[in-house]
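1. Okay, predicted coordinates and the sequence, questions at the end:
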Amino acid sequence: MSEKKGRYGLYGGQYIPETLVPAVQEVEKAYEKYKNDPEFQKELKDLMEKYAGRPSLLYYAEKMTKDLGGAQIYLKREDLNHTGSHKINNVLGQVLLAKKMGKKRVIAETGAGQHGVATATAAALMGLECEIFMGKEDTDRQVLNCYRMELLGAKVHPVTSGTMTLKDAVNETMREWASRMDDTLYVLGSVMGPHPFPMIVRDFQKVIGEEIKQQLMEAEGKLPDAVIACVGGGSNAMGSFYEFIPDTSVRLIGCEAAGLGVDNPKNAATIANGSVGIFHGMKSLFCQDKYGQIAPVYSISAGLDYPGIGPEHANLNETGRAQYVPVTDDEAVEAFEYLSRTEGIIPAIESAHAVAYAKKIAPTFNKDQIIVVTISGRGDKDVAAIARYRGVQIFD
Amino acid sequence: MSRIKRAFEDKKAFIAFVTGGDPDIETTEALIPQMAEAGADLIEIGIPFSDPIAEGVVIQEADARALAAGTTTDKLFDMVKRVREKVEIPLVFMTYINPIYTYGTEKFTKMCAECGIDGLIIPDVPFEEKEEVSGACEAAGIELISMIAPTSKERINMIASEAKGFLYCVSSLGVTGVRSKITTNIKEMVEQVKTVSDIPCAIGFGIATPQQAKEMAAVSDGAIVGSAIVKIIAQNGRACIQPVCDYVKEMKAAVASA
């Protein structure tokens, strides 16, 4: 796999305005310097273990296994990390990098608010200013996360341009970065955007897969047969998959948000419906029309409500190393409730997309086969939205 | 000599930007020849994009209006073909890489040449990625316009030495839009360019008043004005032609006096 110019096969690259090129190259240089720096790595490891609570548990879901009557099911509990999702892994790395680079301020986009909360948390811890850009539609559906960010000392900017969701939040954060880069680092939340971000975010997230491998070796003495994770931009999936890419016996399955269904215009299933394009700094797959206008996508999950996918995923799809499947709102909500009742674990609605697909395929596996499902985050933030979806009024 | 080169010959150029199809194709089609008549030396036509990350609010809203009015790349090609019969000045498209790539880069540049488009400005294709389009541009005889920014510094020589048509010098950090003050040392930027190339340098981003246009043109080869024109279009809708032309005349005079 060529990673020389930030390419993953056909995908990747650095398609950004000239104004931003020096800033992005500065990040690239700093990352190359620190990624093998023992002191940086030790600081990061300390933060991961003593602050974020790593390693996260690999939990054997016995009741779910019995109920589905097929594969042994393990859940990788990223929901148990500090701030409640896998986002903290990347953010501790990038905010530490920002500090080493002498930056005073970090900015970030957020969809569901998990990346925003994680960034605000790391910024508070490391004493940096923090501003978060979040689509107005998402600030409305994730009110609690907005308030959490403010509690953590961050300023939240509701974004009212375009479709007022995650892609517009990315647009606005890029615009902000182009106007102030001297003292500011853009902490990108997923394995997307211009090189080096897809690589940096993957490197900070790959700990998920490394732990899965080690923990499963200890528990079962073998590799899993499948690893399943949800995919928006794709950071928890890339983190879960990366360690297993050379282990070709392990099926890697990414679950995309199909919203009301892949045949309904209201979906966000990029691999199912997208085509090759160049947007947000990268060549990848995007939901778009024939003139290259980015489609207004939809998902019940604000974190998966994105019209693109990280370039490394686009390449894993093209080479066939990973498989991507669409999961609808209905299936995700059903899985959200199922995991809550069956295992006493309320997953993020994003992660529930992965649970839904695991439910679907587990019965087709043998009893000696193992499926690992990454629970990328916890579902507290979604409780109000799910109640709304079920027509239950719990607020106001 | 290319039409773009000629626009800078023996004079400072006034470059005007409009978003194609804002408020509708008919208005843009009527506007372009009138702007040329009023003194625009080169006109940039924006192909609207759903997510214009280098634009400020004014042009973002223009793109949204144009798309809502049903503007497409094909309709703009047809319009340019008709306009080209009436105007001699260079016309360039300004758009993002995705509409070009998705259309088919070679098909796009070929259509540009057929319709009489002279150049392309693509803000999200920096020097390092220009091979994405440069081959197709050359094959079609279209000039790919390069940009330098206040952050470019030691990158200026590299970019300028390979630049075609004219060099778009971004005056300020951030996105397009009117600014009360331009703080970058433009003179220094342009002088740096001239050490490696005799390419004309035009300054854009933030210019709105005749005074600013004059100051910018005085230290370069021309001034580019976008958001200020688009604002007049937003305020006047289909009745924008007269007020836009009055503005163009005033700005052209300011640039010429520099």
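-> That came through fine.
2. The residue in the stretch 1-150 of chain B that chain A sits nearest to sits in which helix or strand?
-> Going by C-beta to the nearest C-beta, chain A is nearest to B:Thr102 of the stretch 1-150 of chain B, at 3.1 Å. Quick note: C-beta positions are derived from backbone N, CA and C, even for glycine. Assessed by DSSP states H and E, B:Thr102 sits inside helix B:97-103.
3. tell me the average confidence for that helix?
-> Helix B:97-103 shows a mean pLDDT of 98.
4. any idea which helix or strand comes after that helix?
-> Downstream of helix B:97-103, the next assigned helix or strand under DSSP H and E is helix B:105-115.
5. Could you name the helices and strands sitting against that following helix?
-> helix B:73-84, helix B:131-140 (3 or more C-beta pairs under 8 Å, 6 or more residues apart in numbering or on different chains; DSSP states H and E).
6. got a list of what A:Ile73 touches?
-> Neighbouring residues of A:Ile73 by C-beta atoms under 8 Å, 6 or more residues apart in numbering or on different chains: A:60-61, A:64-65, A:358, A:362, A:370-373.
7. tell me which residues of stretch B:97-115 are tucked away?
-> By neighbour count on 16 or more other C-beta atoms under 10 Å in any protein chain shown, the buried set for stretch B:97-115 is B:97-103, B:105, B:108-112, B:115.
8. could the contacts of A:Ile73 go into TSV alongside neighbour count?
-> As requested, the contacts of A:Ile73 are exported to TSV (neighbours: other C-beta atoms under 10 Å in any protein chain shown):
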residue	neighbour count
A:Tyr60	16
A:Ala61	23
A:Met64	23
A:Thr65	19
A:Ala358	26
A:Ala362	23
A:Ile370	22
A:Ile371	26
A:Val372	29
A:Val373	32
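9. And these, which is closest to chain B?
-> Nearest to chain B among the contacts of A:Ile73 is A:Val373, at 32.9 Å by C-beta to the nearest C-beta.
10. Mind telling me which residue is nearest the centre of chain B?
-> B:Glu44 (3.7 Å; C-alpha atoms, centre = their mean).
11. For the closest residue to that residue other than its chain neighbours, what are phi and psi?
-> Excluding the flanking residues, the one nearest B:Glu44 by C-beta to C-beta, 6 or more residues apart in numbering or on different chains is B:Phe17, at 4.2 Å. Dihedral pair for B:Phe17: phi -110, psi 140, per degrees, to the nearest 10.
12. Contact partners for B:Phe17?
-> Neighbours of B:Phe17 in contact, by C-beta under 8 Å, 6+ apart: B:43-46, B:94, B:224-226, B:229-230.
13. what are the ranges of the helices in the stretch 151-300 of chain A?
-> Secondary structure of the stretch 151-300 of chain A (DSSP state H, counting those that start in this stretch): helices at A:166-179, A:197-205, A:207-220, A:235-241, A:270-273.
14. Sorry, wrong one. I was asking about the stretch 151-258 of chain B.
-> Taking DSSP H, counting those that start in this stretch as the test, the helices found in the stretch 151-258 of chain B are B:156-161, B:186-194, B:210-218, B:227-236, B:241-256.
15. Run the angle between the longest one and helix B:227-236 for me.
-> It refers to helix B:241-256. 160 degrees (axes from the mean of the first three to the mean of the last three C-alpha atoms, to 10 degrees).
16. just checking, what packs against helix B:241-256?
-> Secondary-structure packing of helix B:241-256 (3+ C-beta pairs under 8 Å, 6+ apart): strand B:13-19, helix B:25-38, helix B:210-218, strand B:222-225, helix B:227-236.
17. Report the buried residues of that helix.
-> Buried residues in helix B:241-256, counting neighbours by 16+ other C-beta under 10 Å, are found at B:241, B:244-245, B:247-249, B:251-252, B:254-256.
18. Kindly report the same for the shortest one.
-> Using 16+ other C-beta under 10 Å as the test for burial, helix B:156-161 gives B:156-157, B:159-160.
19. what's it in contact with?
-> Contacts with helix B:156-161, where a contact means C-beta under 8 Å, 6+ apart, come from A:18, B:127, B:146-148, B:152, B:167, B:189, B:192-193, B:195-197, B:199.
20. Which of the buried residues of helix B:156-161 sits closest to chain A?
-> Taking C-beta to the nearest C-beta as the measure, B:Ile159 is the one of the buried residues of helix B:156-161 closest to chain A, at 7.6 Å.
21. Check what pLDDT the closest one gets.
-> At B:Ile159, pLDDT is 98.
22. And the one 5 residues further on, by the same measure?
-> Reading off the confidence values, B:Lys164 has pLDDT 96.
23. In contact with the nearest residue to it once chain neighbours are set aside, which residues?
-> Nearest non-adjacent residue to B:Lys164, counting by C-beta to C-beta, 6+ apart: B:Glu143, 4.3 Å away. Residues near B:Glu143 by C-beta under 8 Å, 6+ apart: B:2, B:4, B:92, B:118-120, B:137, B:164-165.
24. ok, now B:Ser50?
-> By C-beta under 8 Å, 6+ apart, B:Ser50 lies in contact with A:162, A:293-294, B:63, B:67.
25. mind checking which helix or strand it is in?
-> Here B:Ser50 is assigned to no helix or strand, by DSSP H and E.
26. Do me a favour and get the backbone dihedrals for it.
-> Phi and psi for B:Ser50, reported as degrees, to the nearest 10, are phi -60, psi -30.
27. that older thread, using TSV, lay out the helices and strands packed on helix B:241-256 together with mean pLDDT.
-> Formatted as TSV, the helices and strands packed on helix B:241-256 follow (pLDDT from 0 to 100):
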stretch	mean pLDDT
strand B:13-19	98
helix B:25-38	98
helix B:210-218	97
strand B:222-225	98
helix B:227-236	98
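28. related to what we said a few turns ago, can the helices and strands packed on helix B:105-115 go into TSV with extra columns for mean pLDDT, distance to chain A and mean neighbour count?
-> Formatted as TSV, these follow (pLDDT from 0 to 100; distance: least, C-beta to the nearest C-beta, whole Å; neighbours: other C-beta atoms under 10 Å in any protein chain shown):
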stretch	mean pLDDT	distance to chain A	mean neighbour count
helix B:73-84	98	5	19
helix B:131-140	98	8	17
